[in-house]
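*Asks:* predicted model and sequence below, questions to follow.
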Amino acid sequence: MEINTVSGPDEISGDLQRTLIQSLLVNEGHSISGDSLIEEMWGESVPDNQANALQAHISRLRRKLKRLEPDVPCQRLTMHPSGYRLAVREGELDAVEFVKAVRRAESAATSDPAGTAALLGDALSMWRGPVFGGFTGGTLCQLASVRYEEHRLRAMELRFDAELRLGRHATILAELRDAYSSYPLRERFCEQLMIALYRSGRQADALNFYRLVWQNLSDELGIEPSPALQRLEHAILSHNPHLDAVSSSWALQPV
């Protein structure tokens, strides 16, 4: 997922410049202190003339932003008593818009599965690769990367729940398999795939998959499946009628 405000042939380049703009962007329009920026950019290898070095990179970034946005009359990057601030206009930062969409979906998940599925489908399409293109810079950016990735996984879970409630289990089977392959220890994806398999008339496959999950959890973490996953196995074994009701709570077990 991209998290930037600039585009064009003249890209932000250089590890320090990329760390600088990413550190400013993850503050989402709020100020960040010079000391925090220095720590993000240089870590323990802080230059002797750290204040001058930071100011040089700030000036370089300002010039680059001005070249990228020649028609913008106001300076994007400004200094305040609390630090430096990169102005972000409403709706401009895709990471912020994505998180807003996930929160709206959480509120509407049970009452409007069709709207939730559509909303999250659009939101997930905003992702065009890993956060920051895989370059995470300092600690602040690394923490932000983890936070945004968790929002993405939550969006995937909510969308799969909505699709299951709509009876679209067959259409999301391939996506659920991909999700499990990428995150084999995330049990919610396991539950959703078991439900989709069972509703597709593949009880044996659902149970075999459960045994695979059990083995993976035991080998990797030394634990058994969660009580929710074990209850789901028992429901599949007993052909619990609630499993066939697409609007039932089986499609909306707590994460």
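*Replies:* Received it, and whenever you're ready, just let me know what you need. These numbers come from a predicted model, not from an experiment. Numbering: from 1, shown residues only.
*Asks:* what's near enough to touch the nearest residue to T116 once chain neighbours are set aside?
*Replies:* Counting by Cβ to Cβ, 6 or more residues apart in numbering, T116 lies nearest to A162, which is 4.2 Å off, once chain neighbours are set aside. In short, each C-beta sits where N, CA and C put it, glycine included. By Cβ atoms under 8 Å, 6 or more residues apart in numbering, the residues touching A162 are 105, 109, 113-114, 116-117, 120.
*Asks:* swap in 10 Å and give it another go.
*Replies:* A162 makes contact with 105, 108-110, 112-121, 168, 172, 251-252, according to Cβ atoms under 10 Å, 6 or more residues apart in numbering.
*Asks:* which ones among those lie within helices?
*Replies:* 105, 108, 113-121 (DSSP state H).
*Asks:* I'd say Q55 and P47 touch.
*Replies:* No. Judged on Cβ atoms under 10 Å, Q55 makes no contact with P47 at a distance of 11.8 Å.
*Asks:* in this structure, where's the longest helix?
*Replies:* Ordering each helix of the chain by length in residues (DSSP H) puts helix 139-165 first.
*Asks:* right, and the helix or strand after that helix?
*Replies:* Next in sequence after helix 139-165, counting helices and strands by DSSP states H and E, comes helix 173-182.
*Asks:* for the following helix or strand past that following helix, packing partners?
*Replies:* Remark: after helix 173-182, the chain's next helix or strand is helix 187-199, criterion DSSP H and E. When contacts are defined as 3 or more Cβ pairs under 10 Å, 6 or more residues apart in numbering; DSSP states H and E, helix 187-199 sits against helix 139-165, helix 173-182, helix 203-221, helix 227-237.
*Asks:* what comes up buried for the longest one?
*Replies:* Which is helix 139-165. Of all the residues in helix 139-165, those buried under the rule 16 or more other Cβ atoms under 10 Å are 140-141, 144-145, 148, 151-165.
*Asks:* before we move on, back to that, now a ChimeraX select for only the buried ones of the contacts of A162.
*Replies:* Here is the ChimeraX command that selects the buried residues among the contacts of A162 (16+ other Cβ under 10 Å):
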select :105,109,113,116,117,119,120,168,172,251,252
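*Asks:* what is the rounded mean pLDDT of the longest helix of the chain?
*Replies:* Model confidence over helix 139-165, given as mean pLDDT, is 93.
*Asks:* and for stretch 220-228?
*Replies:* 91.
*Asks:* for the residue lying closest to R168 once chain neighbours are set aside, which residues are in contact?
*Replies:* Distances taken as Cβ to Cβ, 6+ apart place A117 nearest to R168, at 7.9 Å, with adjacent residues excluded. For A117, the contact set (Cβ under 10 Å, 6+ apart) comprises 105, 109, 158-166, 168, 172.
*Asks:* want to throw the residues you listed into TSV with distance to G43?
*Replies:* Output for those, formatted as TSV (distance: Cβ to Cβ, whole Å):
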residue	distance to G43
A105	37
A109	41
L158	36
R159	37
F160	39
D161	41
A162	42
E163	43
L164	45
R165	47
L166	48
R168	47
I172	42
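*Asks:* now for L243, how many residues are close by?
*Replies:* Residues lying near L243 (other Cβ atoms under 10 Å) number 20.
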